[in-house]
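Undergrad: Provide a 3D model corresponding to the input given below.
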Amino acid sequence: MKNPNDRSFTDRQSNSANAKKALLERFKARPGPDDPVVQQRRAEREAIAAARAEREAEKAKIRAEQERLEALERERIAEEKRQAEIAAEAARKAEQAKRDAERPRKVLLEAVQYMQMRAAGKRR
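TA: Numbers count the residues shown, from 1 in each chain. The predicted model follows:
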């Protein structure tokens, strides 16, 4: 039994040729590169791309400025820390010098007190 929807080879071939012809006509009907609408769209795309590039350049400039400021802040903090360490070291050295200066006096005072105790013990 034959399918009623079956078409012959020539029908299929002509349908295929018609489809190709329609596709070719659609392609030819497209506006060319010199068409004002195409040129306008291209100009809009180029304007959008230029604006995007400008925004990216501005963002990069802002980012570079922020990085520069952050680097300056890090340097300032490092310098403050170094100055604080130098001040702490100077204070420690001053305290050590003070102790070293008082040491002979303290030793002499202890020797005097010891001698006084011995002298007081002999008197009794």
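Undergrad: run through the protein and note the low-pLDDT ranges.
TA: Scanning the chain with the threshold set as pLDDT under 70 gives 1-6, 124.
Undergrad: what's the helix or strand for Glu79?
TA: With elements taken from DSSP states H and E, the one containing Glu79 is helix 36-123.
Undergrad: sorry, slip of the keys, the one I care about is Asp34.
TA: Asp34 is located outside every helix and strand, with elements delineated by DSSP H and E.
Undergrad: what are the phi and psi values for it?
TA: Here is the backbone geometry of Asp34 (degrees, to the nearest 10): phi -90, psi 0.
Undergrad: pull the contacting residues for it.
TA: Residues in contact with Asp34 (C-beta atoms under 8 Å, 6 or more residues apart in numbering): none are found. Any C-beta I mention is one placed from the backbone N, CA and C, and that applies to glycine too.
Undergrad: what's the spacing between it and Arg41?
TA: Taking C-beta to C-beta, to the nearest Å as the measure, Asp34 falls 13 Å from Arg41.
Undergrad: great, nothing more from me.
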